[in-house]
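pasting a predicted model and its sequence here:
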Amino acid sequence: MSESIILEALLNQKGSEVKDVMQEAPPIVSKTTSMQVVSNLLKHYPMVLVSEGGRLVGLITKSDLLERLYKG
């Protein structure tokens, strides 16, 4: 079973809506938020959104954080 198969099955269902598959919105932080805060948020969410002036400017995942720690 792959994500593609599941996605296709969902798309083929008549009457299905975004609300039927959406998840809770991830938290939003500013570019100046500490990595410690982001790390704690990533314990509970798959990603953290980064905004500046009310505009989305990026996102951080657990993989991004691990890569940053690995590269130093």
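Ah, there it is.

contacts for the host helix or strand of Val48?
Secondary structure assigned from DSSP states H and E places Val48 in strand 47-52. Under the contact criterion CB atoms under 8 Å, 6 or more residues apart in numbering, strand 47-52 has outside partners 26-31, 33, 38, 41-42, 56-61. Using the backbone N, CA and C atoms, a C-beta is placed for each residue, glycine as well.

what's the distance between the very next helix or strand once past it and the middle of its chain?
Counting by DSSP H and E, the element after strand 47-52 in chain order, helix or strand, is strand 55-61. In this view, strand 55-61 has its centroid 9 Å away from the chain centroid, taken as CA atoms, centre = their mean, to the nearest Å.

got the buried residues for stretch 13-33?
If you call a residue buried by 16 or more other CB atoms under 10 Å, then stretch 13-33 has these buried ones: 26, 29.

what mean pLDDT does it have?
In this model, stretch 13-33 carries a mean pLDDT of 85.

hmm, who's touching it?
With CB under 8 Å, 6+ apart, stretch 13-33 has contacts from 10, 37-38, 41, 45-52, 57, 59.

turn those residues into TSV, columns for neighbour count and pLDDT.
As requested, the contacts of stretch 13-33 are arranged in TSV below (neighbours: other CB atoms under 10 Å; pLDDT from 0 to 100):
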residue	neighbour count	pLDDT
Leu10	11	74
Val37	12	97
Val38	17	95
Leu41	17	97
Tyr45	16	94
Pro46	10	92
Met47	15	95
Val48	24	97
Leu49	15	97
Val50	18	98
Ser51	14	97
Glu52	11	96
Val57	11	98
Leu59	14	96
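
done for today, thanks.
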